[in-house]
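Asker: Have a look at this prediction, sequence included:
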Amino acid sequence: MLGQLMRFLPINHRLYCTNGVHSASARIAHYARLGQIEAAWRVFHGLPNKPTICWNSMVSGFFQNRRPRQARQLFDEMPERNQASWNAMVSGYVKNGMIGEARKVFDEMPERNVVSWTSMVRGYVEEGEMLEAETLFWRMPEKNVISWTVMLGGLIQEGRIDEARRLYDGMPERDVVARSSMIAGYCHEGRMREAREIFDEMPRRNVITWTTMISGYAQSLRVDIGRKLFEVMPEKNEVSWLAMLTGYTQCGRMEEASELFKSMPERPIAVFNAMILGFGQNGMLDKAREVFDQMRERDDGSWSAIIKAYARNGFELEALDIFAKMQKAGILANYPALIYVITVCSSLAILDHGRQVHAKVLHLEFDSEVFVASALITMYVKCGELVKARRVFDKFTPKDVVMWNSMISGYAQHGLGEEALEVFDDMCAAGMAPDDVTFIGVLSACSYTGRVKYGREIFEAMKLKYSVEPTTEHYACMVDLLGRAGHVQEALHMIEKMPVEADAVVWGSLMGACRTHLNTDVAEIAAKELLQLEPENAGTYILLSNIYASKKKWKDVEELRKSMRTRKVSKSPGCSWIEAEKKVHMFTGGDGISHPDHKLILGMLDKLGGLLREAGYCPDSSFVLHDVDEEQKVHSLGYHSEKLAVAFGLLKIPEGLPIRVMKNLRVCGDCHSAIKLIARVTGREIILRDANRFHHFKNGICSCRDYW
């Protein structure tokens, strides 16, 4: 009896120890998963005898908490290692994106199993190093279904769908994950028939498979087929409902989306966000706001969605207001929200707001994101702050083509052609291939610097050297380049020989050249084409009228005005805005100024009127379209929106700072002349961004050299 008892004691003792060891290992893993790595270390450190399984758990825990150095140090101290120890190191380095370190450990392993090989292949796939992944995969002495599926996912991720299908067909065993991956790959490529074939052949499907198929139909805008599949799903989860809902919103079928939204058994935040985005994309701003206001809880995606809705529908100031409320609510701005707000600041050219958002970007450490950096460069360019734009540009490496284009176009728009061409040279020296947008900026820069010969060479090199096919925009730049230099006939010949149809931009460029060089004959040709393309655009009538007036062809001027009255052509209402005292102030032309400071503004305009008359300014009434007497025309000119904004800027913007004004239309010739003189008589720098370009007024001179 005693002998039998003694025989069982060691076994029970071993069982107790095994249970204790597994308990300690589980506790270490549990604390590591929670991010409490110090607590995990205390459990490990407190063990009198540390079995290998606990060492392995602690190594994995360090990797899980982004502490690869401590993981390596502990691994090196291990008294005994098993296969799991080595695998923990390989998979740990892979999960931390340290593929080189993972490979070193892999190569040092005394023995490798299928887990070791698969971890390494997965690492290369995740890093996008598919050549290494494939080489290793085909060297594997043994492959399981996970290995095959990892390799399959890598090929699909690279868009190599046909190669993925060949691998799929060669798999000895296909589980639901492999089949679902193949379906997702086909859906992403829009090859729904092949995706459906695999789906229909599947012996067993899970909710992910069903949802993937429905999402594919939704993304390819075949939402009715997706809905039929959705109705027969044996089990639906939140993602399934969201996929179906998104399908309707992407197709603009918001009524059906609303019905589905109301019928959902549960409505998580992501579903509310999808509805806000859907309503916003379809211009139903009131509905988007209604859904937003209904939400009991909101995440950063909710705020981002409503900001995007307002921004996309032309309510930029409201978008900024919501962004401010988001900050007050203590919600950290996410990546999309910052992009939308930076875009709004670019659109309105409001520098102070843009600077505040830039500060948020730095605080949230998004400044290393290439799209954020590009958006910031564009914002500073459009706000006329080229020094700051260049600073962001110079700090960021590596630069993508969008960044280079932003700087080239930015300098060109500001009339700084030499600087733009220098950036283009740097771009080519850096090995970055220019695209079609690059050449628009470069040709514009050639135009502003009068480098006709270089512009011709660049235009020829586009197709021959850089394989970029010229578009109508490039031809418009060439017409502008030739016209600005006085080669009006050559510009006309280029238009006549264009392989693509000339649009209003091309003919408008020629019209601008005719105005500068007073070429009535070609102006009439350009005007005829423009009036066919844009019969209600008042700008063409104004330009042609000015050319006739300069040639004293008053009969033609009258005929043109008569034609305008017959066609009921009227000038679009001008609107200008300026940022001052942390607010955006809007102005429209006319006497009825609704601004709270209108009396002060009118007083400043009167004061400026006296100074301008002393400086020799004479209002040019040819820029007024209204059929009124001369006195009323002169009065109307004095209250154009850009003049109101400049007057307000003189009142509110401190001395020494430039006055920045934005306008929705092209600045009229009279305002351009007046603002040049205002800059001279007040000693202030005025930056005006109109619909075409930037005008930097200083000491009575404009950066556009009176050609815009």
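Answerer: That came through, no problem.

Asker: Quick check: nearest residue in space to M427, chain neighbours excluded?
Answerer: Residue nearest to M427 in three dimensions, not counting chain neighbours: W404, with 4.5 Å by Cβ to Cβ, 6 or more residues apart in numbering. C-beta here means a position set from N, CA and C on the backbone, and glycine is covered the same way.

Asker: what do you get for V452?
Answerer: Closest residue to V452 apart from its sequence neighbours, by Cβ to Cβ, 6+ apart: A485 at 4.9 Å.

Asker: Same question for L351.
Answerer: C383 (4.2 Å).

Asker: before we move on, could you check phi and psi at that neighbour?
Answerer: For C383, the backbone dihedrals (degrees, to the nearest 10) come out as phi -90, psi 0.

Asker: and G100, what element?
Answerer: Per DSSP states H and E: G100 is located in helix 99-108.

Asker: Just checking, which helix or strand succeeds that helix along the chain?
Answerer: Trace forward from helix 99-108 with DSSP H and E and the next one is helix 114-126.

Asker: how about that next one: buried residues?
Answerer: Buried residues in helix 114-126, counted by 16 or more other Cβ atoms under 10 Å: 115-126.

Asker: before we move on, what about stretch 540-548?
Answerer: Result for stretch 540-548 [16+ other Cβ under 10 Å]: buried residues 540-548.

Asker: Over to stretch 122-140?
Answerer: 122-127, 130, 132-134, 136-137, 140.

Asker: what's the answer for stretch 268-279, then?
Answerer: Neighbour count says stretch 268-279 has 270-279 buried, by 16+ other Cβ under 10 Å.

Asker: How far off centre is that stretch?
Answerer: 21 Å (Cα atoms, centre = their mean, to the nearest Å).

Asker: what does that stretch rub up against?
Answerer: Identification of contacts with stretch 268-279 by Cβ atoms under 8 Å, 6 or more residues apart in numbering yields 238, 241-242, 245-246, 248-250, 254, 257-258, 261, 264, 285, 287-288, 291-292, 294-295, 297-299, 301-302, 305-306, 308-309.

Asker: Give me the buried entries from those residues.
Answerer: The neighbour-count test (16+ other Cβ under 10 Å) marks 241-242, 245-246, 248-250, 254, 257-258, 261, 285, 287-288, 291-292, 295, 298-299, 301-302, 305-306, 308-309 as buried among the contacts of stretch 268-279.

Asker: Looking at those residues, which are in helices?
Answerer: 241-242, 245-246, 248-250, 254, 257-258, 261, 285, 287-288, 291-292, 301-302, 305-306, 308-309 (DSSP state H).

Asker: quick revisit: distance of the residue nearest to L351 relative to L364?
Answerer: With distances taken as Cβ to Cβ, to the nearest Å, C383 is found 21 Å from L364.

Asker: between these two, who's got more neighbours?
Answerer: Under the criterion of other Cβ atoms under 10 Å, the comparison of C383 against L364 puts C383 first, with 26 against 14.

Asker: Give me the three-state assignment for I578.
Answerer: Using DSSP: H, G, I helix; E, B strand; the rest coil, the structure places I578 in strand.

Asker: Could you count how many residues lie near the nearest residue to it once chain neighbours are set aside?
Answerer: Ranked by Cβ to Cβ, 6+ apart and with sequence neighbours excluded, the top spatial neighbour of I578 is A645, at 4.6 Å. By other Cβ under 10 Å, 27 other residues sit near A645.

Asker: My guess is A645 contacts E579. True?
Answerer: No - taking contacts as Cβ atoms under 8 Å, A645 lies outside contact range of E579: 10.3 Å.

Asker: Find the residues that touch each one of these two.
Answerer: With Cβ under 8 Å, 6+ apart, A645 and E579 have common neighbours H585.

Asker: Pull the contacting residues for the nearest residue to P434 once chain neighbours are set aside.
Answerer: Leaving aside its sequence neighbours, P434 sits nearest to Y466 (Cβ to Cβ, 6+ apart; 5.9 Å). With contact set as Cβ under 8 Å, 6+ apart, Y466 has these partners: 433-434, 439.

Asker: And Y466, how far from I440?
Answerer: Per Cβ to Cβ, Y466 is found 13 Å from I440.

Asker: Would you mind listing the outside residues contacting stretch 45-58?
Answerer: 21-22, 24-25, 28-29, 32, 40-41, 44, 74, 78, 80-82, 84-85, 88.

Asker: pLDDT on that stretch, on average?
Answerer: Averaged across stretch 45-58, pLDDT comes to 89.

Asker: Reformat the buried residues of stretch 540-548 as CSV; add pLDDT.
Answerer: Listed next are these as CSV, based on pLDDT from 0 to 100:
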residue, pLDDT
T540, 80
Y541, 79
I542, 75
L543, 75
L544, 78
S545, 79
N546, 74
I547, 76
Y548, 79
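
Asker: With distance to T52 and secondary structure added, can I get the residues you listed in CSV?
Answerer: Shown next, in CSV, are the buried residues of stretch 540-548 (distance: Cβ to Cβ, whole Å; DSSP: H, G, I helix; E, B strand; the rest coil):
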residue, distance to T52, secondary structure
T540, 84, helix
Y541, 88, helix
I542, 86, helix
L543, 85, helix
L544, 89, helix
S545, 91, helix
N546, 89, helix
I547, 90, helix
Y548, 95, helix
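
Asker: In a markdown table, list those residues along with distance to V681.
Answerer: Below are those laid out as a markdown table (distance: Cβ to Cβ, whole Å):
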| residue | distance to V681 |
| --- | --- |
| T540 | 33 |
| Y541 | 32 |
| I542 | 27 |
| L543 | 28 |
| L544 | 32 |
| S545 | 29 |
| N546 | 25 |
| I547 | 30 |
| Y548 | 32 |
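
Asker: and of the residues you listed, the nearest to E524?
Answerer: L544 (7.4 Å; Cβ to Cβ).

Asker: what's near enough to touch the residue lying closest to that closest one once chain neighbours are set aside?
Answerer: Distances taken as Cβ to Cβ, 6+ apart place A527 nearest to L544, at 4.6 Å, with adjacent residues excluded. A527 makes contact with 511, 540, 543-544 under the criterion Cβ under 8 Å, 6+ apart.

Asker: quick one, strands of the stretch 201-350 of the chain?
Answerer: Counting by DSSP state E, counting those that start in this stretch, the stretch 201-350 of the chain has no strands at all.

Asker: if we can go back for a sec, from N537, how far off is the residue nearest to L544?
Answerer: From A527 to N537 the distance is 11 Å (Cβ to Cβ).

Asker: Thought S147 was touching V114, still the case?
Answerer: Yes - assessed by Cβ under 8 Å, V114 is found in contact with S147 at 6.4 Å.
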